[in-house]
Each structure stands twice: as C-alpha cells, then as structure tokens.
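Asker: I'll drop the sequence and a predicted model, then ask my questions.
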Amino acid sequence: MALEQYIRDIVDFPKPGIIFKDITPLLASPKGTEECLQLLINSLKEKQIDKVIGVESRGFFFATLLAHHFNAGFIPVRKPKKLPFETISASYELEYGTDTLEMHIDAIQPGDKVLIHDDVLATGGTAKAVCELVKQLGGEIVQVNFLMELSFLNGREKIKEYDIFTAINY
C-alpha cells in the first residue's frame, strides 16, 4: 500500500498558499506506521548507527522508533531554550529571516555514527543546520532520512554530500 494514502493535505495552513502535509493519519495507523518504519529501516541495511537524531518536533516520532530498532541513543534537536543542559547551536535561513536549532553539547562523541531523521525535506535549511551540529561534535553522518521530500523546493542540494533517503516524494 502507498504511504501517500496516510498523508492528509491541509490547504492554507499555516498560512494562505501553503499545502501542509499532515502526518497524523499515518501516526494513527499502526499498519501505516509499521510500513513507513520498515522503509526507513530497510534504507539503512548493514550500517552501524550509534545515535539517532530527531528534529523538533515531528521528527521525534520515527526517530525514537529507529533508535529503539537499532539499539542506539536518541538525541532531540530543538528550538532555542528548550533543552536543559549546555548546548551548541546552528542557525539557518528561512524565507523571511533566520531560525536556530540546538543540541546538548555532550549528545555526540567523536566518531559516533549518526542517523538524522526529520519529517520533511523542504528547502534543506533545517537539515543542513543539523548536519553542522553533528560535525561540530565530531560525529559521522551515516544517513539523513525523511518521511517526505518536497522535491520542487530543491532542499536536497544543501545536503547532497550525505546519503539521503525519503519514504515519500512529492
């Protein structure tokens, strides 16, 4: 069954002209969740993974499942001032301005094999910022994977040096 059937389009959310890809029907379906999880797992065959990063907030859902499957640690990457311990940060460009992401300074040890997971690859700014955080701490990026890719936004170009996998392409 195609995963697209579990993704609901919400027109004009969060603002006019945007078609938001709602993953809550996927999360509500045990069958859909398992099918998606298996696609993500299969893209990682024969790769060692020490840590799985989930990007706030929709990236947390499958990142924790992937971390559990691979017996790896889970690392949340969050917006500023959401993490309680000392952090490092990376900023990235938005359509109108900039945003910042943070990760605990002790989340990754040099040489850790790291999987980065987020819900959507759009313009690539978020993914690139997370890759920078991993590199700052000496981690090795094994793959950057996503539930969905909005390929018309060309976000893949910003992280093209890494192995990229997307379960659904639009």
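Answerer: Arrived safely, thanks for sending. Numbers count the residues shown, from 1 in each chain.

Asker: residue boundaries of the strands in this protein?
Answerer: Assigned by DSSP state E, the chain shows strands spanning 8-11, 19-22, 51-55, 73-77, 87-94, 97-104, 113-121, 140-149, 164-169.

Asker: can you put these in CSV and add mean neighbour count, distance to residue 38 and mean pLDDT?
Answerer: C-beta: built from backbone N, CA, C; applies to glycine. Listed next are the strands of the chain as CSV, based on neighbours: other CB atoms under 10 Å; distance: least, CB to CB, whole Å; pLDDT from 0 to 100:
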stretch, mean neighbour count, distance to residue 38, mean pLDDT
strand 8-11, 11, 21, 97
strand 19-22, 15, 20, 95
strand 51-55, 25, 16, 98
strand 73-77, 21, 19, 98
strand 87-94, 16, 31, 92
strand 97-104, 16, 28, 94
strand 113-121, 24, 14, 98
strand 140-149, 22, 13, 98
strand 164-169, 18, 10, 97
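
Asker: closest one to residue 132 among those strands?
Answerer: Smallest distance to residue 132 across these (CB to CB): 4.4 Å, for strand 87-94.

Asker: so how far is the closest one from its chain's centroid?
Answerer: 15 Å (CA atoms, centre = their mean, to the nearest Å).

Asker: could you give the angle of that strand to strand 97-104?
Answerer: Between strand 87-94 and strand 97-104, the angle comes out at 160 degrees (axes from the mean of the first three to the mean of the last three CA atoms, to 10 degrees).

Asker: contacting residues around strand 87-94?
Answerer: The contact list for strand 87-94 (CB atoms under 8 Å, 6 or more residues apart in numbering) reads 80, 98-105, 125-126, 128-130, 132-133, 136-137.

Asker: most centrally placed residue in this structure?
Answerer: By CA atoms, centre = their mean, the chain has its centre lying nearest to residue 118, at 1.5 Å.

Asker: still on that earlier bit, let me have the strands of the chain in CSV, extended by distance to residue 44.
Answerer: Converted to CSV, the strands of the chain look like this (distance: least, CB to CB, whole Å):
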stretch, distance to residue 44
strand 8-11, 27
strand 19-22, 23
strand 51-55, 10
strand 73-77, 15
strand 87-94, 24
strand 97-104, 21
strand 113-121, 7
strand 140-149, 6
strand 164-169, 8
